[in-house]
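1. dropping a prediction and its sequence here:
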Amino acid sequence: MTEYPSDPQNERPTPTLREMVAGYALFNAWEQEEQSRSLPQLTLEEALNQYFGLYSLVLDLAGGDLPVFLEQNARHWAVLHQRHQRLRSVMPDGEAASGTG
């Protein structure tokens, strides 16, 4: 009997979530090691081109959801600003709290 690649018996089972996460972790570790070797070798122009290429990719992947992310970011920074203002109002002359220096 001839086996064909499209035969359902030849299909691999769908990986579990745990297997997928483990695969991503391995890939991320490899990629980080690769970047730690290659990034110091890049010229400033090459590094900027790579950065803006990745930024463009993220924008493309975000698609129509980008305003949602911008709003979420704006809320996050507004909360941080409020906390910073509150901290400044509590601390005398902007000095660090005792025991931190």
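-> Now that the structure is in, tell me what you want to look at.
2. which stretches of the protein form helices?
-> Remark: helices assigned in the chain by DSSP state H are 17-38, 44-62, 66-90.
3. distance from the longest one to the middle of the chain?
-> With CA atoms, centre = their mean, to the nearest Å as the basis, helix 66-90 stands 20 Å off its chain's centre.
4. kindly provide the distance from the one residue sitting closest to the centre of the chain to F52.
-> Among the residues of the chain, V58 comes closest to the average C-alpha position under CA atoms, centre = their mean, at 9.8 Å. Relative to F52, V58 is positioned 11 Å away (criterion: CB to CB, to the nearest Å). No exception for glycine: its C-beta is placed from N, CA and C like everyone else's.
5. can you check S89 too?
-> 40 Å.
6. so for these two, which sits in the more crowded spot?
-> Comparing S89 with F52 by neighbour count (other CB atoms under 10 Å), the higher total belongs to F52, at 10 against 7.
7. from S36, how far out is that one?
-> For F52, the distance to S36 - CB to CB - is 21 Å.
8. same deal with Q50?
-> From Q50 across to S36, the span is 14 Å (CB to CB).
9. L70 now?
-> Between L70 and S36 the distance is 31 Å, computed by CB to CB.
10. where does the chain dip in pLDDT?
-> Low-confidence regions of the chain, defined by pLDDT under 70, span residues 1-10, 64-66, 94-101.
11. switch to 80 and redo it
-> Flagging of the chain using pLDDT under 80 yields the residue ranges 1-12, 62-70, 92-101.
12. which of Q50 and S36 has more neighbours?
-> The neighbour comparison of Q50 against S36 (other CB under 10 Å) goes to Q50, with 14 against 9.
13. can you pull the contacts of the more buried one?
-> Applying CB atoms under 8 Å, 6 or more residues apart in numbering, we find Q50 in contact with L42.
14. give me the distance between S89 and Q82.
-> Relative to Q82, S89 is positioned 11 Å away (criterion: CB to CB).
15. A22 now?
-> Counting by CB to CB, the gap between A22 and Q82 amounts to 40 Å.
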